[in-house]
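Chemist: Here is the input, now give the coordinates:
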Amino acid sequence: MRGADSHQPEVRLGRRYRFSASHRLHTDLLSAERNREVFGKCNNPYGHGHDYLMEITLVGTVDPAEGRLAPLDMLDHFVRRVWLDQVDRRNLNLDLAEFAAIVPTTENLALAAAKRLAEAWPHWFRGRPVRLEKVRIWETPRNIFQVFVANTDTQEATQNEILIESRHQDS
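Modeler: Numbering: from 1, shown residues only. Reported below is the predicted structural model:
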C-alpha cells in the first residue's frame, strides 16, 4: 500500500474503543453437562457481561496534503456505525446474527468485528492509501484476542492470532 511516493514509509495508527456486552457460552452441539465442563461459570444460564476494549490498527502512507492517515472523526464514526452501535450494551447471543449458530467467545467476537469492519472498509475509505490491518479485543486484562485482516489489494491470507494468558478465569 504505497502512495504516489513509493519511497514513503508506512505508518501504523492504533485507536481504542470501549463497549459493554453480555453473553452466555453455550452450544446445542454439547450436552448441558458438557457445556458446564467446557465453559464453566461462563455457561451461566443468565449470561454474564464484560467491559471490552477494542483496538483497531490501520496501516498506510501519510496523505501529504492532510499530514495523516485518515481523519480521526471519520474513523470514529465508521467504527461506531459499523461495529459499536451493534454490540454496545447488547446480548451477543440474541442481538448479533453471527452468534445464531456459533458460540460467542471473544475469539469469535474478534473474528466477527474484523469481518464486519473489513467488509465495510472500502465503502468508507475508498481512495485513501490506508487499510485496516488488525483488530484486537481485550475481554479482561489477561485475555486478549487479535485478528489480522487480509490485505485485499494483494490477497494476503488472514493471519489470526489468539493471545490467551488464562482461560476465562477473569470473567
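Chemist: going forward, measure contacts between C-alpha atoms and count neighbours the same way
Modeler: Fine.
Chemist: Pull the number of nearby residues for Gly60.
Modeler: Residue crowding around Gly60 was assessed by other Cα atoms under 10 Å; the count is 23.
Chemist: Just read off the phi/psi values of it.
Modeler: According to degrees, to the nearest 10, the main-chain angles of Gly60 amount to phi 170, psi -160.
Chemist: my guess is it contacts Arg131, does it?
Modeler: Yes. Using Cα atoms under 8 Å, Gly60 is in contact with Arg131, at 6.3 Å.
Chemist: any idea where the strands of this protein begin and end?
Modeler: Counting by DSSP state E, the chain has these strands, from start to end: 11-23, 48-60, 90-91, 130-138, 143-148, 160-164.
Chemist: and the ones you listed as CSV, adding mean pLDDT?
Modeler: Listed next are these as CSV, based on pLDDT from 0 to 100:
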stretch, mean pLDDT
strand 11-23, 97
strand 48-60, 97
strand 90-91, 97
strand 130-138, 96
strand 143-148, 96
strand 160-164, 44
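Chemist: Select, out of those, the one closest to Leu75.
Modeler: With Cα to Cα as the criterion, Leu75 lies closest to strand 11-23 of the strands of the chain, at 8.8 Å.
Chemist: strand partners of the closest one, parallel vs antiparallel please.
Modeler: When pairing is defined by DSSP bridges, strand 11-23 lines up against strand 48-60 (antiparallel), strand 90-91 (parallel).
Chemist: Done for today, thanks.
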